[in-house]
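**Q** Here you go, sequence then predicted model.
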Amino acid sequence: MSEPFVIDELQEAVLDTVRRFNAEVVAPVAAELDANSDPEAGFSWEIVEKADEVGLRTMTLSEEWGGIGADSVTTAMVIEELGKADIGVSVVMAQTLKLAQILQSALTKQQQDRFIPIFRDDPRGVLAIGITEPETGSNYFIRQDVPFHTKAEKVDGGWRINGMKHFISNGNRANVYLIFAQTEKGRSLYEGSTCFLLDRDTEGFSIGRVHDKMGERLANNSELMFRDCFIPDEDVVGEAGNGFQVLIDFFPASNAYAAASVLGAATAAYEQSLEWCRNRVQGGKPLIEHDGITAQLAEMHMLLDVARTYVRKATWMADNRDLGWDPALSAFPKVFASQAAWKIVTWASELHGGSGYMKETGIEKLLRDIAAFLHSDGVNRTLLLKASRMIF
């Protein structure tokens, strides 16, 4: 059994592939894509197709399904590395890599045989999960006696879904979805919802508005619309009425993957600041020779190390839950990483002075990108409340 903090030869080879991918595919176009006023235009199919060519898109699929069976630690390393070039690209891939793991672990053999090839064989195949609704956001992180507004009514041979989701990462781009809907009236979403598999071409399903975000613009988030959308019984994941058990059983590393995305962007902010401080002269000497600046850079380095260690621990424990899984690890890593990242990127802006406010340095983009994760994958205060209920 490998240790969580040692990078082996396979991981190093994968990371080398990601670094080349960042340098050759993502970095040259990230700023231009980010600058598009149309939120849909920030997304790049070329990036997804190139990720497919080098094996990144399907790396969490087992060898049987055509991937390399990357574990959660390796996956988080890749997500972090992608975040150094662009947080949106990292999110597109994080959602896809995470849900590809779920397709293999939560689905029946019959469901796998039908849905995994739809994703695997399309070089543009990405994945999405539909949970969040306009009035049901934090409710699914902390147990509250409320239902989903998206309803699924039992009919002959399956279920008929009506309602909508919003803020869904990859929502307008995915070809396979996991969708949560209320199936038991008078019960909470925790006790009366069901998880369904959905093919993009299903009748009654459509894409609504693509959200116009402040940052993270290379990833699209959108509304999902359901109007008498029929899903057959064989596309229920797990047990009807027990959908949230799917999240509990099969999503232990999800929070840590989110942490890895924002950690990658924070690392980029730190590395750029370090280079700036080595070259920018003030008071007759480079900034890095001023004690206060050096101490601040050291603190940025420390925060990155701690956040990274936390992600490695959480992802390793997610794959080894029999050794003593702490449920709070499904909430804490993203909170800590996003708080640390926000400190780092605001400090980076200050270290750059007026140049940090200008778009040409790239710090302004990193600040907008990192701000997303104060809310994305759970508002931090909500996640802390979730963790407190697990602990106390």
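**A** Here it is on my side, so go on. Numbering: from 1, shown residues only.
**Q** and the gap between Asn162 and Phe205?
**A** Going from Asn162 to Phe205 by C-beta to C-beta, to the nearest Å gives 11 Å. Where you see a C-beta, it was placed from the backbone N, CA and C, and this is true even at glycine.
**Q** How about the secondary structure of the nearest residue to Ala371 once chain neighbours are set aside?
**A** Leaving aside its chain neighbours, Ala371 sits nearest to Gly215 (5.9 Å; criterion: C-beta to C-beta, 6 or more residues apart in numbering). Taking DSSP: H, G, I helix; E, B strand; the rest coil as the rule, one finds Gly215 in the coil state.
**Q** now Gly215: how far from Gly88?
**A** 8 Å.
**Q** which neighbours do those two share?
**A** Both Gly215 and Gly88 are in contact with Asp34, Asp369, where contact means C-beta atoms under 8 Å, 6 or more residues apart in numbering.
**Q** And these two? Which one has more around it.
**A** Per other C-beta atoms under 10 Å, whichever of Gly215 and Gly88 has more neighbours is Gly88, with 31 against 20.
**Q** what sits against the more buried one?
**A** Asp34, Gly42, Phe43, Glu216, Arg217, Leu218, Ala219, Asp369 are the contacts of Gly88 under C-beta under 8 Å, 6+ apart.
**Q** any idea which element Ala371 lies in?
**A** Assigned by DSSP states H and E, Ala371 belongs to helix 363-371.
**Q** That helix packs against which elements?
**A** helix 30-34, helix 87-105, helix 254-279, helix 332-351 (3 or more C-beta pairs under 8 Å, 6 or more residues apart in numbering; DSSP states H and E).
**Q** how about JSON lines for the ones you listed, with distance to Gly157 and mean pLDDT added?
**A** Below are the helices and strands packed on helix 363-371 laid out as JSON lines (distance: least, C-beta to C-beta, whole Å; pLDDT from 0 to 100):
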{"stretch": "helix 30-34", "distance to Gly157": "43", "mean pLDDT": "98"}
{"stretch": "helix 87-105", "distance to Gly157": "23", "mean pLDDT": "98"}
{"stretch": "helix 254-279", "distance to Gly157": "32", "mean pLDDT": "98"}
{"stretch": "helix 332-351", "distance to Gly157": "40", "mean pLDDT": "98"}
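**Q** Looking at those helices, spot the one closest to Val73.
**A** Of all the helices and strands packed on helix 363-371, helix 254-279 sits nearest to Val73, with 9.3 Å by C-beta to C-beta.
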